[in-house]
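S.K.: My questions concern the predicted model and sequence given below.
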There are 2 protein chains.
Amino acid sequence: MNRQEVVTHIIGDRNISPRDKGVAFAPSNIALCKYWGKRDEELNLPVTSSLSISLKNYGAQTELQLSDEDRVVLNGKRVSPDDSFTQRAIRFLDLFRLDEQMRFTLTTQSNIPIAAGVASSAAGFAALVLALNDLFQWDLASKELSILARLGSGSACRSIYSGFVQWHAGCAKDGMDSYAEPLESVWSGLQVGLLTLSDRPKSIGSRAAMKRTVQTSVFYDIWTAKVKDDCAQLQNAIHQKDFERFGTLSESNALAMHATMLTACPPVLYWIPQTLETIHRIWALREQGVDVYFTMDAGPNIKLLYLKETEQTIVSSFQGVQRIAPFTPTDNTVNIEDVENLP
Amino acid sequence: MNRQEVVTHIIGDRNISPRDKGVAFAPSNIALCKYWGKRDEELNLPVTSSLSISLKNYGAQTELQLSDEDRVVLNGKRVSPDDSFTQRAIRFLDLFRLDEQMRFTLTTQSNIPIAAGVASSAAGFAALVLALNDLFQWDLASKELSILARLGSGSACRSIYSGFVQWHAGCAKDGMDSYAEPLESVWSGLQVGLLTLSDRPKSIGSRAAMKRTVQTSVFYDIWTAKVKDDCAQLQNAIHQKDFERFGTLSESNALAMHATMLTACPPVLYWIPQTLETIHRIWALREQGVDVYFTMDAGPNIKLLYLKETEQTIVSSFQGVQRIAPFTPTDNTVNIEDVENLP
């Protein structure tokens, strides 16, 4: 099956009555047990399952309208049709046009730094799928929305939900068993701190870096075995609210992902000097008894994991940290209009 | 067999006529295909073979005299008997005393930064074994000297020789097949550049770090398989003087060792911000067509690998680089009296 066939299979004969516009928000998410490597490049089917935490109000607010031509507006600015972001979005929208004349205006407000290691495309494609569902009034189930979001960007399938989310790798060739589901656990004291150490575009995109790692790293098979273990153990730690175990596993998983990249040929190294400085600072704090751990994605930035009671230490130790409380309704809310400098 | 039994086996009945003093020099060495992990902690038997380059005039000049008490003098200063270096040297000398009253004065001049990632103990123990051989007039073969040096410090077995050296892992329990031998290849244009980014003692000694890696890293088995491959391929690259291949393999092996450490539990991370800055600078130079590669040992420092024709670029790109021409008799010689600041 290709992407179009998956979409046709899921939408079926629902595509009848588009409204004026569809609107949706989807949060960004951070993997605690990472997704690194595809078994199918077109359908974004992963080699391993993964587990993430959604970033509450950090994400993408998207509005989709029928229009006379395809337009992509990001944070109030129209993006050139030659832009790779526009092209990716438009190729995705191609999958959903009811006829050859149908065109869309896609307006997205994102309050996360683009291309800086916080999964902006995950929130973007999840919000887009939710907006399509709203526009066309498909009324699809979350599982189906998750599969559609995956076709846009793998980790987008997790951004359909808030809280802890598991993406099942699945094994079917058409990927109909590769979707995300929320975990039931709520951990109200858990906090995530975003440290943007660099907002420059990555030296290599995660799609290409993943592919190179799968194809060339001799460590890759062991990495996938570790992910399987880590995912199971992380679920236990979450269930038991064992923060030390939760933090240790998350950190270990992230370091192993970067270790695996380092053994790709040529090596993939996203770290910059500030990354190391921050890792050493986190470990020094831990030696002083402060319960803070970190995770990292395909970029130089660091995401802190800590509990509410440690917040003051975190704020005073890490200048400019953006605090997110994934399970607290009112605390640390981020206004979606607080848009960062973007291209 | 314990260390004493190995020594007795090798020395046999040679230990008859000590002279006034024994004198020897041994070079430091840098592994291109790394030794990381022991299969026997007492005899320093490695899990894998390894391949190194000796650093010519960088090393340890040692004088050993019979004496009324044990004394260790390092770079002109007597080292306290409580010092771990002194204790290690004296425990090693215990293996060679002809009677209970025999005492030694060990005087060593070292021109390599101690504990900064250039194997200072390798040169130290190799020079000590050569000085013992000179003092007692054993007239041992290189292979036997290499085994004795290994009992002091694993990588010391390689510092018995100049040029390219291979340490055979061996498989015997008593380690009699675990010794180093020189490769015949001479590569006159090859240069090594030492970049001392930090001269502070390591956060964790390599002996403890190795042990932790072997015991806890899920990547360790793959690492050993990679070392086997890399050693064989490096020998080919050296034989063919294929510098690109030589550099790529050396760099890949070093990165994989650090990746493996990173997956130990708790992780072992020797890198500091300057390490990353330097790695990125090396890669940027390579993108500009400059043939420079690096290797790293258990520490934050970087060793550049380049050819004579690139020397001017290296000197202007890396401030304070210490240049070594392992195969050139007169170039870049280092005076053994040029002693660095040491404890």
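M.R.: Looks like it came in fine.
S.K.: mind listing the strands for the stretch 201-343 of chain A?
M.R.: Here the stretch 201-343 of chain A has its strands, by DSSP state E, counting those that start in this stretch, at A:293-295, A:302-307, A:322-324.
S.K.: can I get those in a markdown table with mean pLDDT, distance to B:Asn236 and mean neighbour count?
M.R.: (Glycine included, C-beta is placed from N, CA and C.) Shown next, in a markdown table, are the strands of the stretch 201-343 of chain A (pLDDT from 0 to 100; distance: least, CB to CB, whole Å; neighbours: other CB atoms under 10 Å in any protein chain shown):
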| stretch | mean pLDDT | distance to B:Asn236 | mean neighbour count |
| --- | --- | --- | --- |
| strand A:293-295 | 98 | 40 | 23 |
| strand A:302-307 | 97 | 41 | 24 |
| strand A:322-324 | 92 | 51 | 22 |
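S.K.: and A:Lys226, which of those strands is closest to it?
M.R.: strand A:293-295 (14.6 Å; CB to CB).
S.K.: Listing partners with orientation, what would you give for that closest one?
M.R.: strand A:302-307 (antiparallel) (DSSP bridges).
S.K.: For the strand it pairs with, output the C-alpha coordinates as PDB.
M.R.: Output of strand A:302-307 as PDB, limited to C-alpha atoms (Å, rounded to 0.1, in the frame of the first residue of the first chain):
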ATOM      1  CA  ILE A 302      18.100  19.400  26.100                       C
ATOM      2  CA  LYS A 303      14.900  18.600  27.800                       C
ATOM      3  CA  LEU A 304      14.900  18.400  31.500                       C
ATOM      4  CA  LEU A 305      12.700  16.000  33.500                       C
ATOM      5  CA  TYR A 306      12.000  16.900  37.100                       C
ATOM      6  CA  LEU A 307       9.200  17.100  39.700                       C
END
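S.K.: What are the contacting residues of it?
M.R.: By CB atoms under 8 Å, 6 or more residues apart in numbering or on different chains, the residues outside strand A:302-307 that reach it are A:30, A:32, A:118, A:189-195, A:197, A:243, A:246-247, A:250-251, A:275, A:278-279, A:282, A:291-297, A:314, A:318, A:321.
S.K.: Narrow those to those in helices?
M.R.: If you go by DSSP state H, these have A:Phe243, A:Phe246, A:Gly247, A:Ser250, A:Glu251, A:Thr275, A:Thr278, A:Ile279, A:Ile282, A:Ile314 in helices.
S.K.: and the residues you listed as a markdown table, adding neighbour count and distance to A:Ile302?
M.R.: A markdown table is the format used below for the ones in helices among the contacts of strand A:302-307 (neighbours: other CB atoms under 10 Å in any protein chain shown; distance: CB to CB, whole Å):
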| residue | neighbour count | distance to A:Ile302 |
| --- | --- | --- |
| A:Phe243 | 19 | 18 |
| A:Phe246 | 22 | 17 |
| A:Gly247 | 23 | 13 |
| A:Ser250 | 26 | 12 |
| A:Glu251 | 23 | 10 |
| A:Thr275 | 25 | 7 |
| A:Thr278 | 22 | 5 |
| A:Ile279 | 20 | 7 |
| A:Ile282 | 23 | 8 |
| A:Ile314 | 18 | 12 |
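S.K.: taking the residues you listed as a set, which two sit the farthest apart in space?
M.R.: Pairwise across the ones in helices among the contacts of strand A:302-307, and taking CB to CB, the largest span is found between A:Phe243 and A:Thr275, at 23.3 Å.
S.K.: residues near A:Glu42, how many?
M.R.: 12 (other CB atoms under 10 Å in any protein chain shown).
S.K.: Next up, identify which helix or strand it is on.
M.R.: Using DSSP states H and E, A:Glu42 falls within no helix or strand.
S.K.: The strands of the stretch 201-343 of chain A: which one's closest to A:Ser162?
M.R.: Comparing those under CB to CB, the one sitting nearest is strand A:322-324, at 11.4 Å.
S.K.: what packs against that closest one?
M.R.: strand A:50-67, strand A:190-195, helix A:311-317 (3 or more CB pairs under 8 Å, 6 or more residues apart in numbering or on different chains; DSSP states H and E).
S.K.: nearest to chain B, of those?
M.R.: strand A:190-195 (14.7 Å; CB to the nearest CB).
S.K.: Who does that closest one pair with, and is each partner parallel or antiparallel?
M.R.: Going by DSSP bridges, the partners of strand A:190-195 are strand A:302-307 (antiparallel), strand A:322-324 (antiparallel).
S.K.: what angle sits between the first one and strand A:50-67?
M.R.: Here strand A:302-307 points in a direction 120 degrees away from that of strand A:50-67 (axes from the mean of the first three to the mean of the last three CA atoms, to 10 degrees).
S.K.: Got the domain ranges for chain A?
M.R.: Following automatic domain parsing, chain A resolves into domains at A:3-182, A:190-324.
S.K.: tell me which parts of chain A are close to chain B?
M.R.: Applying CB under 8 Å from any CB of the partner chain, one finds that chain A approaches chain B through A:218-219, A:221-222, A:225-226, A:251-252, A:255-256, A:258-260, A:262-263, A:265, A:267, A:269, A:271-277, A:279-280.
S.K.: Buried subset of these as a PyMOL selection?
M.R.: Buried residues within the residues of chain A next to chain B, by 16 or more other CB atoms under 10 Å in any protein chain shown, are selected in PyMOL with:
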select buried, chain A and resi 218+219+222+226+251+252+255+256+258+259+260+262+263+267+269+271+272+273+274+275+276+279
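S.K.: Narrow the residues of chain A next to chain B to those in helices?
M.R.: Going by DSSP H, the helices hold A:221-222, A:225-226, A:251-252, A:255-256, A:258-260, A:262, A:273-277, A:279-280 from those.
S.K.: Where does the prediction get shaky in the stretch 151-300 of chain A?
M.R.: Regions of the stretch 151-300 of chain A meeting the criterion pLDDT under 70 are absent.
S.K.: can you redo the domains of chain A as CSV with distance to B:Asp94?
M.R.: Formatted as CSV, these follow (distance: least, CB to CB, whole Å):
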stretch, distance to B:Asp94
domain A:3-182, 50
domain A:190-324, 36
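S.K.: of those domains, which approaches B:Thr107 most closely?
M.R.: domain A:190-324 (37.8 Å).
S.K.: Now do the end-to-end distance for the closest one.
M.R.: Domain A:190-324 has an end-to-end distance of 9 Å (CA to CA, to the nearest Å).
S.K.: what about that domain, distance to the chain center?
M.R.: How far domain A:190-324 lies from its chain's middle: 14 Å, per CA atoms, centre = their mean, to the nearest Å.
S.K.: Helices of the stretch 1-150 of chain A, start to end?
M.R.: A:3-11, A:84-93, A:120-136, A:142-152 (DSSP state H, counting those that start in this stretch).
S.K.: Compare these and say which comes out lowest on pLDDT.
M.R.: Note on these: lowest mean pLDDT is at helix A:84-93, with a mean of 92.
S.K.: Please point out which parts of it sit buried.
M.R.: For helix A:84-93, by 16+ other CB under 10 Å, it's A:Phe85, A:Thr86, A:Arg88, A:Ala89, A:Ile90, A:Phe92, A:Leu93.
S.K.: So which elements touch it?
M.R.: Packed on helix A:84-93, when contacts are counted by 3+ CB pairs under 8 Å, 6+ apart, are strand A:71-74, strand A:103-110, helix A:120-136, helix A:142-152.
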